[in-house]
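1. no sequence for this one, just the structure:
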């Protein structure tokens, strides 16, 4: 068979040659999209090199590589699709315009292009956020930047996504965007009512940034949840609990309910009672309290506000109150100091020959003397025996 005749053979309105060009362009684009995307990412990283360090440039290449591959493949797809002819709908014969199949494919293609370009822009915004975070970390030790930069980065990304959605409506589907936005003013009240909680959480996030009740990295306690703030978003705040679970709390709850910022404490307070048995003498109690007070005052991780006092006489114990403040705010150091002092308390109590008490009750039953006489057993009377 002649090759030229084979290439000119038509199938579904297109020659074999057109199909080969279509496949060849797609294959070329699939093979070289990675190479070209790396080249473009390298050029962009050099262009912004004076605003960032080498590590940030490597992050930019990593962020842009995948979305650039998609954009380049869509470009090759555009050239490949234009090689083919599309079947004409019989109902549209005599009408002006492109075939319906081509219109559908082109609109779908436009949507993918807009989404891919938006993806590139969002990744570039992520890169700018990384640059600002690295600069803020090197210039200041404030944790406020750690939550402001991600917040505004996410805010800009939301605006870009909304703008891209409006472009899709206007350019692809021919929607009058200006009229639609104006029409939202009529239904704005209904939309605001439907999104009431979301708007409240959004406003609460701005309150958090303005009032600074906490920042990223703070240990807080709110609504029975204790943990470290990891991220403050538009709608919620993410907390890593002491059990290493991940809790998401609405921003409205973070400002409406009492919040205890444990990181702002100057000391960690420890208070408990040492319960001794009633067999413990007053001399033993004085010696134990005096030695324990001296040990707490001289401990390198406590201040001089500690108090050890004989405080209460409970039904089953004599209680010595122990109160001291640990200067370190680190959780691991805090529990280590508590353990060290607890061991010392046991050692001091045992040294002075005292015992720890536990809840006990002793029941004494008193019987009057008359009842005791009445309850004495009567002498037994045996029947008399007559011996003949």
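-> All right, it came through fine. Here the structure is a predicted model, which means the values were calculated and not measured. Residues are numbered from 1 along each chain as shown.
2. Going by C-alpha atoms from here, please, whenever you check contacts or count neighbours.
-> Fine.
3. helix/strand/coil for residue 272?
-> What DSSP: H, G, I helix; E, B strand; the rest coil gives for residue 272 is strand.
4. Pull the contacting residues for residue 32.
-> By C-alpha atoms under 8 Å, 6 or more residues apart in numbering, the contact set of residue 32 is empty.
5. what phi and what psi does the backbone show at residue 309?
-> Torsion angles at residue 309 (phi, psi; degrees, to the nearest 10) stand at phi -140, psi 140.
6. Show the model's pLDDT score for it.
-> If you check residue 309, the pLDDT there is 94.
7. ok, it - contacts?
-> Counting by C-alpha under 8 Å, 6+ apart, residue 309 has contacts 289, 320, 321, 322.
8. Let's see that with 6 Å instead.
-> 320, 321 (C-alpha atoms under 6 Å, 6 or more residues apart in numbering).
9. For stretch 326-346, buried residues please.
-> Across stretch 326-346, burial judged by 16 or more other C-alpha atoms under 10 Å covers 326, 327, 328, 329, 334, 337, 341, 345.
10. Next: stretch 70-82.
-> 70, 71, 72, 73, 74, 75, 76, 77, 78, 80, 81.
11. about what we covered before: let's have the buried residues of stretch 326-346 in JSON lines, adding secondary structure.
-> Shown next, in JSON lines, are the buried residues of stretch 326-346 (three-state DSSP):
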{"residue": "326", "secondary structure": "strand"}
{"residue": "327", "secondary structure": "coil"}
{"residue": "328", "secondary structure": "coil"}
{"residue": "329", "secondary structure": "coil"}
{"residue": "334", "secondary structure": "helix"}
{"residue": "337", "secondary structure": "helix"}
{"residue": "341", "secondary structure": "helix"}
{"residue": "345", "secondary structure": "helix"}
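12. Is it possible to get CSV of those that adds distance to residue 118 and pLDDT?
-> Shown next, in CSV, are the buried residues of stretch 326-346 (distance: C-alpha to C-alpha, whole Å; pLDDT from 0 to 100):
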residue, distance to residue 118, pLDDT
326, 52, 90
327, 51, 86
328, 48, 81
329, 45, 75
334, 49, 87
337, 54, 93
341, 59, 94
345, 65, 94
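13. and which of the buried residues of stretch 70-82 is nearest to residue 117?
-> Using C-alpha to C-alpha, the shortest approach to residue 117 within those belongs to residue 71, at 6.9 Å.
14. count of neighbours near residue 59?
-> Neighbour count for residue 59, taken as other C-alpha atoms under 10 Å: 15.
15. and it, what helix or strand is that in?
-> If you go by DSSP states H and E, residue 59 is part of helix 54-81.
16. for this protein, what's the longest helix?
-> helix 100-139 (DSSP state H).
17. What's the mean pLDDT across that helix?
-> Mean pLDDT, computed over helix 100-139, is 81.
18. list the buried ones in that helix?
-> 102, 109-133, 136.
19. Kindly report the same for stretch 286-301.
-> 288, 289, 292, 293, 296, 297.
20. And the third one, which helix or strand is it part of?
-> I take that to be residue 292. Per DSSP H and E: residue 292 is located in helix 282-298.
21. So what touches that helix?
-> Taking C-alpha under 6 Å, 6+ apart as the rule, helix 282-298 contacts 304, 308.
22. Give me the distance from that helix to the chain's centre.
-> 46 Å (C-alpha atoms, centre = their mean, to the nearest Å).
23. let's have the chain start at 27 instead
-> Renumbered: residue one is now 27, and that last one reads helix 308-324.
24. Does the residue positioned nearest the centre of the chain belong to a helix, a strand or coil?
-> Nearest residue to the geometric centre of the chain (C-alpha atoms, centre = their mean): residue 264, 3.2 Å. Using three-state DSSP, the structure places residue 264 in strand.
25. One more: residue 66?
-> Relying on three-state DSSP, one would call residue 66 helix.
26. roughly how far apart are it and residue 349?
-> 65 Å (C-alpha to C-alpha, to the nearest Å).
27. With residue 273 instead?
-> Taking C-alpha to C-alpha as the measure, residue 273 falls 33 Å from residue 349.
28. Show the residue spans covered by the strands in this protein.
-> Ranges of strands in the chain, per DSSP state E, are 36-37, 40-41, 245-248, 251-258, 262-267, 272-276, 285-287, 294-302, 333-340, 343-352.
29. Out of the buried residues of stretch 96-108, the closest to residue 190 would be?
-> Nearest member of the buried residues of stretch 96-108 to residue 190, counting by C-alpha to C-alpha, is residue 97, at 15.4 Å.
30. residues in contact with that closest one?
-> By C-alpha under 6 Å, 6+ apart, residue 97 lies in contact with residue 142.
31. Domain ranges for this protein, per the record?
-> 29-206, 222-289, 294-377 (automatic domain parsing).
32. Distance to residue 390 for these - can I get that in JSON lines?
-> Listed next are the domains of the chain as JSON lines, based on distance: least, C-alpha to C-alpha, whole Å:
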{"stretch": "domain 29-206", "distance to residue 390": "65"}
{"stretch": "domain 222-289", "distance to residue 390": "45"}
{"stretch": "domain 294-377", "distance to residue 390": "15"}
